Every structure is written in C-alpha cells, then in structure tokens.
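K.L.:
Give me a model of this one.
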Amino acid sequence: MNIRTELLRRLADRLEAQPPAPVLRVAVDGVDGAGKTTFADELAEVLQARGQTVIRASIDGFHAPRAVRYRRGRTSPEGFYRDSYDLAGLRSALLDPLGPGGSGRYRTAIFDHTTDSPVHQSEEVAPPGSLLILDGLFLHRPELRDVWDDSVFLRVPFGVSVPRGAARGPGYGSPDPHAESNRRYVEGNRLYFREADPEGHAGVVVDNTDLAAPFFVRLSPVGIPGEGTAPAG
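P.N.:
Model (predicted):
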C-alpha cells in the first residue's frame, strides 16, 4: 500500500469511528492549488468502497454574485477572503439541513459563478448515516466552524500551490507566487490565516506538498478540533 493510500485509509477509519448526527459533515480546506478536490474525491472513494453513502460537494457551488465578489475591487485580497462565497446560502441549503434537527433535504449548489446566475437544483434527501465531504477555500471561517463534525486542512506552501494551480491551464494565473496577478489570492489567504487560524481549528492537518507522500502534521482527538496531538506515523 502506498503512502497516500495509507493516509486516506487512516483518515477514513477516523471518520467511520464518529457517529453521524444524522450526517457526518466533513470539511477539506486549503489554499488554491493545495489539492483539495482531488483529496476529497479520493477520500470519498475510499469510504464508498467500504459501503458508506457519501455526499460530495464543493464551496464552488456557493459563490457570491460577481457584483458582491468584486465590490472591494477586482484585485482586493480582502474582497477575495470576505466576499467570494455566500456563506449564509451554504449553511441554509446544505450544511444546516444535514445537521442535528435538520430536514435532511439539501442542495449541493445554488449559484453558477461562470454565468453569474442562480442554480435551480432540486433538493435531495440524505439517508441517515451519510457522510458529507465538502471541499473549498476558507472553510474554517468563524461563520462555519460550528457545523463541522470533523475537518481537514491541507498544508501546502505558496511556492508549490501557486504553480500547481497555474498548471491547470489558461485562466489559472501565473506560476509565480509573487506575480501581481496572484496578489489577490495569496494575500487573501494570508488574511484568512491571520484571522481564522485554520490549522489551529482543523481536526486534522495534512501536509500535501508531495502528492505521492502526504503526511499527518496533527491529528486532534475526535470531537475536539485543534486540541491535542497524535503520532503522525
């Protein structure tokens, strides 16, 4: 078993050991280019192979309208952090319905940022015992911390994450972390780090710099995000 597969297996063991109430809500957080979507997809595949019902979603389905996203200016780091997403809509459409006392009726997207228009998606019903795995930026903001039953922060330095993101192709910016075109994103994430301390509040911190050999930086005791340590092994 390779290093990445073993880490995902251990993380799946951790999630399966936690009682859903009625759905286990899990965040996969990290900067642009940290590898969040791939990591979340692979974790979901491990859990599904064990017979678990997984709801996969991304915060990209909950962008704010363009006029809101750029109201502080198109290059504003503060705007990137504070205005990119409709957090109230994320909670009302997806996170709260899957939490204790929720209806279980959810939507995984409410807005399409490419067309700058609402998404009219039918509600789905979550079977009790499901796991929600949501990937995205800024998931440890204070407005969201209370919804997570567990969470992962992927640690990747900007010197790796920015070129990795740019390698997706045209439209994804310069591979130079210091390029002016990347200032909005890099400084917006630094603002997030200062204000929200995502590593300190995550249940699990994974160094995902080397995609072939990620490793646990910290495993908090289950139910106590950000406190305590466990051997990374």
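
K.L.:
what separates the worst-scoring helix or strand of the chain on mean pLDDT from the chain centre, distance-wise?
P.N.:
Here the helix or strand of the chain ranked lowest by mean pLDDT, DSSP states H and E is helix 158-166, holding a mean of 91. Taking C-alpha atoms, centre = their mean, to the nearest Å, one finds helix 158-166 lying 17 Å from the centre of the chain it belongs to.

K.L.:
contacting residues around the spatially closest residue to residue 156 that is not a sequence neighbour?
P.N.:
Closest residue to residue 156 in three dimensions, ignoring its sequence neighbours and counting by C-beta to C-beta, 6 or more residues apart in numbering: residue 34, at 4.3 Å. Yep, even glycine has a C-beta here, placed from its N, CA and C like the rest. Residues in contact with residue 34 (C-beta atoms under 8 Å, 6 or more residues apart in numbering) are 154-156, 161, 208.

K.L.:
from the residues you listed, which would you call buried?
P.N.:
Neighbour-count burial (16 or more other C-beta atoms under 10 Å) applied to the contacts of residue 34 gives 154-156, 161, 208.

K.L.:
With distance to residue 56 and secondary structure added, can I get the residues you listed in TSV?
P.N.:
Shown next, in TSV, are those (distance: C-beta to C-beta, whole Å; DSSP: H, G, I helix; E, B strand; the rest coil):
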residue	distance to residue 56	secondary structure
154	16	strand
155	22	strand
156	21	coil
161	22	helix
208	18	coil
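
K.L.:
If we only consider the residues you listed, which is nearest to residue 144?
P.N.:
Ranked by distance to residue 144 (C-beta to C-beta), the buried ones among the contacts of residue 34 are led by residue 154 at 16.5 Å.

K.L.:
which stretches of the chain have low pLDDT?
P.N.:
Across the chain, the stretches falling below the confidence threshold (pLDDT under 70) are 1, 171-172, 223-233.

K.L.:
now the strands: where do they sit in it?
P.N.:
In chain order, the chain shows strands spanning 24-30, 54-58, 105-106, 111-112, 117-118, 124-125, 131-136, 150-155, 204-207, 215-219, with DSSP state E as the criterion.

K.L.:
Could you look over these and pick the most buried one?
P.N.:
Highest mean neighbour count among these (mean count of other C-beta atoms under 10 Å): strand 24-30, with a mean of 27.

K.L.:
picking that back up, now the contacts of residue 34 in JSON lines, with distance to residue 6?
P.N.:
Below are the contacts of residue 34 laid out as JSON lines (distance: C-beta to C-beta, whole Å):
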{"residue": "154", "distance to residue 6": "17"}
{"residue": "155", "distance to residue 6": "18"}
{"residue": "156", "distance to residue 6": "19"}
{"residue": "161", "distance to residue 6": "23"}
{"residue": "208", "distance to residue 6": "14"}
